[in-house]
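K.L.:
3D, please:
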Amino acid sequence: MRSSSVASMSSSRNSGEHIAVKRLVQTTASSTRPSRSPTKIRPQEDSASSTKTELTSDKASFLLLGQEEYCEHRAVVTHAVFNQSGTLVASADTDGVVKLWSPSPSPKTHCGVVVKSAVTAVEWLPRGERFLLIATKAATLRLFDTRDKKTVWEIGPDTCPVFKDQRIMGVRMSPGEGSAVVSVAPRVRPQGTSTPPAPPALHTLDMKSLRVESSYRIEGGVVNGCIMNHNGGLLVCGCNDGSVRIIDLRCPDVIASWPAHQGEVFTVRLSPQENNIYTIGSDNRFACWSMAQTGARVMDHVLHERAAGPFLVGVGGGAGSGRSVLLRPYGPLFALHQDGDHVLTCSPSGPIVYKVGDNNLEQALVVGGHRSPVVTVDWCNALQCGTSVAAALDGSVTVATLMHQ
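P.N.:
As a prediction, this is how the structure comes out:
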């Protein structure tokens, strides 16, 4: 897993510079690639460049010490995210309810806030663990003070014109908290609307003036999820056209792009050394890519069934008279352990831990604990024993204490 250039990359981190990225001609995934739908699920197939997930391990690398459930949500939970120290979890749902709660010794609600629409992004500000940024499907953005339990400010289409007729897909804070990158996509418009919607874009918002500093239009794709490198100079984006794009935020400009998945890319993460990019897509594959040699695939694995959906939610009447709709996952579908060698994933019955090897993926622990499919996970390693959270379609959130052996 470790690139031969790790040492030089660590040096660049200490100097405050970002890792050198090979500039490529921008390419996008084919528009004819099949997408996942509730009525037709593409079967998983092996390819010469991929490996089936191994389901056994000689020795379990993690032990499940305990598990508890948080039951304060009445709708599908879209996010469950630890603050940096692991003392608070922010969980949000499709009804616009956000809960702040302590995970240990037993789950206990600290406070809550209700927004006007389904929550599509939750981001802790990296300093002080006090402020929480909440984004919604109605394109509102709210800064919430978790200590004083009040809203600091809120903006939306009425006060920020670039959000008009848009929905927020994701938010990522800069390391210094001076700005936030907001990914937007057009909302579904009524038939007969003559005015064309604004294209998908990334907007950089100044956190003090609340003005948009810059905007970058994404040609041919919507940014579903993104992650910044350590100094905030590079933004790695997973897009709905199946591509991964690396954007230099100082320009801003796409400096590299390559097709990564058959279908949408939902979640992207950087390894602790920032030498690798991890992605998961609607094709149910977990992939690793080189950060220095962009587009070079380190590994590609077929995960267990429904690790990345499709997630179906029943709506309408009861007694079988309702219908099922396809739920877009907004929260992260996997989380990395601090050692960079283990990954926590979603599954229909609870999270699963895998050990990431040089060219294979081994199942290390089935955490379980859910009666409904898990749609988002997070993993905190700040405490003596690592703690994970997993949220499901039925609104349940479980907290598991995992000991690394």
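
K.L.:
ok, and the closest non-adjacent residue to Leu63?
P.N.:
What sits nearest to Leu63 in space, not counting adjacent residues and going by CB to CB, 6 or more residues apart in numbering, is Met403, at 4.6 Å. In short, each C-beta sits where N, CA and C put it, glycine included.

K.L.:
I'd guessed that neighbour sits against Leu65; true?
P.N.:
Yes. Between Met403 and Leu65 a contact is recorded at 5.4 Å, counting by CB atoms under 8 Å.

K.L.:
Pull up the overlap in contacts between those two.
P.N.:
Residues touching both Met403 and Leu65 (CB atoms under 8 Å, 6 or more residues apart in numbering): Cys385.

K.L.:
now the residue nearest to Leu63: how far from Met299?
P.N.:
27 Å (CB to CB, to the nearest Å).

K.L.:
And the helices in this structure?
P.N.:
Assigned by DSSP state H, the chain shows helices spanning 6-14.

K.L.:
Residue nearest the middle of it, spatially speaking?
P.N.:
Central residue of the chain (CA atoms, centre = their mean): Pro332, 2.8 Å from the mean position.

K.L.:
And the pLDDT at Arg323?
P.N.:
If you check Arg323, the pLDDT there is 80.

K.L.:
pLDDT weak spots in the protein?
P.N.:
The chain contains residues with pLDDT under 70 at 1-60, 189-194, 315-322, 383-384.

K.L.:
List the beta-bridge partners for the closest residue to Ser214 other than its chain neighbours.
P.N.:
In space, not counting the residues next to it along the chain, Ser214 is nearest to Thr204; the distance is 4.7 Å by CB to CB, 6+ apart. In this entry, Thr204 is beta-bridged to Val181, Ser214, by DSSP bridges.

K.L.:
wouldn't Thr204 be in contact with Gly232 here?
P.N.:
No. The criterion here is CB under 8 Å, and Thr204 misses it with Gly232 at 10.3 Å.

K.L.:
Quick check: neighbours shared by those two?
P.N.:
In contact with both Thr204 and Gly232: Leu249, using CB under 8 Å, 6+ apart.

K.L.:
Provide a list of residues in contact with Ala198.
P.N.:
162, 164-166, 184, 186.

K.L.:
meant to ask about Leu312, not that
P.N.:
Applying CB under 8 Å, 6+ apart, the residues near Leu312 are 38, 324-327.

K.L.:
Could you turn the buried ones of these into a PyMOL selection?
P.N.:
Applying 16 or more other CB atoms under 10 Å to the contacts of Leu312, the buried members can be selected in PyMOL as follows:
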select buried, resi 327
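
K.L.:
Which of the contacts of Leu312 fall within strands?
P.N.:
Judged by DSSP state E, the subset of the contacts of Leu312 located in strands is 324-327.

K.L.:
Which of these sits closest to Cys226?
P.N.:
Of all the ones in strands among the contacts of Leu312, Cys226 sits closest to Leu327, with 20.5 Å by CB to CB.

K.L.:
what's near enough to touch the closest one?
P.N.:
Applying CB under 8 Å, 6+ apart to Leu327 gives the contacts 76, 94, 309, 311-313, 375, 393.

K.L.:
and if we set it to 10 Å?
P.N.:
Under the criterion of CB atoms under 10 Å, 6 or more residues apart in numbering, the neighbours of Leu327 are 38, 76, 78, 94, 118, 309-313, 373, 375, 393.

K.L.:
Tell me the bridge partners for it.
P.N.:
Beta-bridge partners, per DSSP bridges, of Leu327: Phe311.
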